[in-house]
Structures are given as structure tokens and as C-alpha cells.
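Visitor: Sequence first, then the predicted structure, then my questions.
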Amino acid sequence: MTRSISAVRGGLLAAAAALALGVTTPPATAQDSDSGNWLFVTVTRGDGRHGGTPGTLLLCDPPQGHARAAEACADLDRVGGDIGKLRQKDAFCPMIYAPVTAHARGEWNGHPVDYRETFSNGCGLAAQTGAVFAVDG
């Protein structure tokens, strides 16, 4: 009985010491962001029904996540985070059918975002969504 009390007392002392010295906190995640402006974006070749597609976390305060993060955040800010409202300059895209599916989920100004659309090719995707899905740099 004395050993178990000593073990408990030792554990409590160690926990108290850790609290007194300060506990390191894990790195911030998108959900911890104060701005609420983050998206996890993926681009999948084909109809987008395949699982396991790697994606990119786009954070907008400060902009980071891929090579055009600042431009993507500005685009999203302009439309209040509604990707469906993005309209880019006119583009002349080839009439080659090579479908890509864009998917974004996250939060913008405290509102959930869940966007998925399949485009006829990468050019159409870029023309419609600007830098948001430019995850390859």
C-alpha cells in the first residue's frame, strides 16, 4: 500500500512540475486559426471518385499552403469564400477532355465550405477558380 501511495504521489509531483514549468503546446492547426479562413484543397484526375488523393492545406492568415497562396486567399476574400462565385478572365482552353475534380473543404469567416466540381480539363479549372486549386506551384 505504501508503494502505491508513493507512486501516486510521485506522479502527482511530476504533473505539478510539468505545469509549473509550462507544457509545450502542439503546433497550430487550421481549426485553431483565429481568422477561420482555411481550406483543404485537392485536385484529382478523372471524376474524383478515387480516394487517397493528397491535398494541400491553404491557410489565409497569413497566406500559406502552396506557391500561389496569397493570390488564392485574395480571390477567396473577394467572393466571401464562395468558390462557386469565382470568375476569372476569359480563357481559351483546348477542347481536350481530360477531366479533373476540384474539392475544397474547410471554413471561411466562420462558415463551413464544402465545394466539389469536375471540370473538362485543368485549363477550365484554372479559368474558373483562379489560384485556389493551383497546388502544383
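Guide: Cool, got the structure. Residues are numbered from 1 along each chain as shown.
Visitor: Correct me if wrong: residue 54 contacts residue 40.
Guide: No. If you go by Cβ atoms under 8 Å, residue 54 and residue 40 don't touch, sitting 10.6 Å apart. (C-beta placed from N, C-alpha, C; glycine too.)
Visitor: Which stretches in the chain count as helices?
Guide: Along the chain, counting by DSSP state H, helices occupy 2-21, 69-78, 122-129.
Visitor: quick one: low-confidence ranges for this protein?
Guide: Low-confidence segments of the chain, defined by pLDDT under 70: 1-35, 47-53, 137.
Visitor: mind listing the strands in it by residue range?
Guide: 38-45, 56-60, 63-64, 100-108, 111-119 (DSSP state E).
Visitor: May I see the buried residues of the fourth one?
Guide: So that's strand 100-108. 100, 101, 102, 103, 104, 106, 107, 108 (16 or more other Cβ atoms under 10 Å).
Visitor: do stretch 67-80 as well
Guide: By neighbour count on 16+ other Cβ under 10 Å, the buried set for stretch 67-80 is 68, 69, 72, 73, 75, 76.
Visitor: If we ignore the residues flanking it in sequence, what's nearest residue 84?
Guide: With sequence-adjacent residues excluded and distances taken as Cβ to Cβ, 6 or more residues apart in numbering, residue 84 is closest to residue 115, at 6.7 Å.
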